[in-house]
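J.: what follows is a predicted structure for the sequence shown.
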Amino acid sequence: MLDLIIKNGRIVTAAEVLPGCLDIGIKHGKIALIGQNLEGGPQTEVIDAEGAYVTPGGVDSHAHVEQDNSPTGDTWETGTRSAIAGGNTTIIAFATQKRQEESIWPALEAYHKKATGNSYCDYGFHLILSNPTEQIYETELPQLVERGISSIKLYMTYVPLRLGDADLFNIMMRARSLGIMTMIHAENNDIVEQVTKRLAEQGLTDSFYHSVARPQIAESEATYRAISLAEVTDTPILIVHMSAPAAIEHVAQARKRLLPIHAEACPHYLYLTSERLQSGPQDCEGAKHICAPPLRHSPEDLEELWRSVANGTFTVISSDHAPSTFDHPNGKMRGRIKHSTNKTNTHHHNQNSDKPNFDFRNVPNGLPGLETRLPLIFNRTYDPSTPPQKLDRPLGLNPIIGKKPSSSDNIMITLPRFVQLTSTNPAQLYGLGGRKGSLAPGYDADVVIWYSENVNVKGDGGREIVIRNEALHHRIDYTPFEGMRVRNWPRKVFLRGRLVWDRDREGVMGRKGDGEFLMRVRSSLNY
Ligand code: DUC
Ligand code: ZN
Ligand code: ZN
């Protein structure tokens, strides 16, 4: 007998919106079958999803949770609580090897300990490797894979983490032989350091200068170098959090040549421009938007990224959730320092004595985004079986043909593309294929129900939703998306067949500790 039937939904897979309205039968936390008019028994719970799109649970493959370097960020409890409230049933977070550590095991033990018993959703880890010793190459990396961690992240910037080209080359060779997926943060460290130094010498340390110090060319050069290293070592890589159109063009060219180069987009780079980094004369609001790479300059840059989302250049969209609290008494923390009494800052060029000391070099990089990722991307989707009017324009009157659409044309993506980018591809890329990222028999019953915006069901169906930080479930005191309107929000979220989020009732219905560590295997996504 089935435990649960989700009836009458329009199921979206990475390939299509399945025709008709189908029922999903769930037993023991797995999808048992999909079909029409499924029959349950007396104990079967039935959920009516009429008029709703039903998608696989979101897989957010890039989230920083409770890392040592962000003490005012989210904990496992608060971060994963906000993840499920935003439709995610799996996240992949990071365990960081410190530079002075000769082994990877202290980091892995410490990060497992933080997560165990505290996660609302299923989870895995990527290992951040900062000191690749002989012992790690020879014995620890093979054991890492046996312990269910099949991906690593390498940094080309940030002094405590960055690796040179020789290390990148050698690690890629080893990753290739072990079937490890390699993620790369690509920015040219020397460019960033030298520009930063010159800005600071002139007292230019307000938030906006953070973006000046990290120009597109720094991202583009490092991306090209990472792709070259991947090509010469014949190793698949994913370039994380890409924000520069010039850099994504290198990925497009590489993929054209069938190199296994993957790219990751993030909602903040798709929606926000560097204008957000400006602070007022009395505040440090710009600090809320400091991340690396930085938000880019123009709406045209953003639409160029959306084009790459729509045309398949990007493989995944992740949040890069890496928050820290904005209003914090410690001057080493992010942003406006209301409680600070220290007003002497020799670098600061602003003479207004009410403005707290501020130096972008002291601000931890990164924005919150786990909970808002899926609604923000869903916002740009359409159902290819009922495309919007605008796509029906007769040939010749369509302003898109023959020229690049302007930013006001808002590029839209299909619902299957949405599912690919936010769930199926990250699951397959990071070795969770067959278990996560799809709605099919045998898969974990991780399901999101999106009631139609057009059908006025209970709650806020039929209305836009305004993003407000006070309604989010992280422990951060702001969202960079405050006030933005989205068409829809996950209404019900099931983790392995259990209702963990119900927007119409209690909200979060799951508990910390529901989430399990996921043993991941070799990537099954080759191109
Ligand atoms: N940049 C990073 O490299 N990591 C965390 C977030 C960010 O902005
Ligand atoms: Zn990064
Ligand atoms: Zn990151």
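T.: Okay, I see it. Ligands and ions are numbered 1, 2, ... in the order given.

J.: CA atoms for contacts and neighbours, from now on please.
T.: Fine.

J.: who's in contact with Leu178?
T.: Contacts for Leu178 were tallied using CA atoms under 8 Å, 6 or more residues apart in numbering; they are 141-142, 145.

J.: so who does the nearest residue to Gly434 once chain neighbours are set aside touch?
T.: For Gly434, ignoring the flanking residues on the chain, the nearest one in space by CA to CA, 6 or more residues apart in numbering is Tyr443 at 6.1 Å. The neighbourhood of Tyr443, defined by CA under 8 Å, 6+ apart, consists of 30-31, 434-436.

J.: one more: Asn88?
T.: Counting by CA under 8 Å, 6+ apart, Asn88 makes contact with 57-60, 121, 371, 493.

J.: any idea how far it lies from ligand 1?
T.: 19 Å (CA to the nearest ligand atom, to the nearest Å).

J.: who does that residue bridge with?
T.: The residues paired with Asn88 through beta bridges, assigned by DSSP bridges, are Gly58.

J.: rewinding a little: neighbour-wise, which one of the contacts of Leu178 leads?
T.: Highest neighbour count within these, by other CA atoms under 10 Å: Leu141, with 23 neighbours.

J.: would you list the phi and psi of it?
T.: According to degrees, to the nearest 10, the main-chain angles of Leu141 amount to phi -60, psi -40.

J.: which pLDDT value belongs to it?
T.: We have a pLDDT of 98 for Leu141.

J.: all strands of the stretch 201-350 of the chain, in order?
T.: Under the criterion DSSP state E, counting those that start in this stretch, strands of the stretch 201-350 of the chain are mapped to 237-239, 261-265, 316-317.

J.: which of the ones you listed sits most buried?
T.: With neighbours taken as mean count of other CA atoms under 10 Å, the strands of the stretch 201-350 of the chain reach their highest mean count in strand 316-317, at a mean of 30.

J.: tell me the contacts of Arg176?
T.: Under the criterion of CA under 8 Å, 6+ apart, the neighbours of Arg176 are 233-236.

J.: whatever residue of the stretch 1-150 of the chain ends up closest to ligand 1: what's its closest spatial neighbour, skipping adjacent residues?
T.: Checking the stretch 1-150 of the chain residue by residue against ligand 1 with CA to the nearest ligand atom singles out His64 as nearest, at 6.9 Å. Closest residue to His64 apart from its sequence neighbours, by CA to CA, 6+ apart: Ala322 at 5.0 Å.

J.: separation between that neighbour and ligand 1?
T.: Ala322 sits 5 Å away from ligand 1, taking CA to the nearest ligand atom as the criterion.

J.: same check, this time on Met181
T.: Spatial separation of Met181 from ligand 1 under the definition CA to the nearest ligand atom is 18 Å.

J.: same deal with Glu506?
T.: Here Glu506 is placed at a distance of 31 Å from ligand 1 (CA to the nearest ligand atom).

J.: that residue - how many residues pack around it?
T.: Residues near Glu506, counting by other CA under 10 Å, number 9.

J.: can you check Ser324 too?
T.: Ser324, neighbours per other CA under 10 Å, totals 27.

J.: can the contacts of Asn88 go into CSV with extra columns for pLDDT?
T.: Compiled in CSV, the contacts of Asn88 are given as follows (pLDDT from 0 to 100):
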residue, pLDDT
Gly57, 98
Gly58, 99
Val59, 99
Asp60, 99
Cys121, 99
Glu371, 98
Val493, 98
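
J.: which bits of the protein sit near ligand 1?
T.: Taking CA under 6 Å from any ligand atom as the measure of proximity, the chain contacts ligand 1 at 291-292, 320, 322, 365-366.

J.: for ligand 1, what is the nearest residue in the stretch 101-250 of the chain?
T.: Taking CA to the nearest ligand atom, the stretch 101-250 of the chain has His185 as its residue nearest ligand 1, at 6.4 Å.

J.: who are the contact partners of that residue?
T.: Each residue near His185 by CA under 8 Å, 6+ apart is listed here: 153-157, 239-241.

J.: what's the closest of the contacts of Leu178 to Ala49?
T.: Val145 (39.4 Å; CA to CA).

J.: what lines up beside whichever strand or helix holds Gly9 in the sheet?
T.: Of the helices and strands defined by DSSP states H and E, Gly9 is found in strand 4-11. Paired strands of strand 4-11, with direction, are strand 22-27 (antiparallel), strand 45-48 (parallel), strand 52-56 (parallel) (DSSP bridges).

J.: which parts of the second one are buried?
T.: Buried positions in strand 45-48, judged by neighbour count with 16 or more other CA atoms under 10 Å: Val46.

J.: stretch 60-72 now?
T.: 60-67, 70, 72.

J.: the closest residue to Leu229 other than its chain neighbours in helix, strand or coil?
T.: On the basis of CA to CA, 6+ apart, the spatially nearest residue to Leu229 that is not a chain neighbour turns out to be Phe169, at 6.0 Å. State at Phe169, reduced to three classes by DSSP: H, G, I helix; E, B strand; the rest coil: helix.
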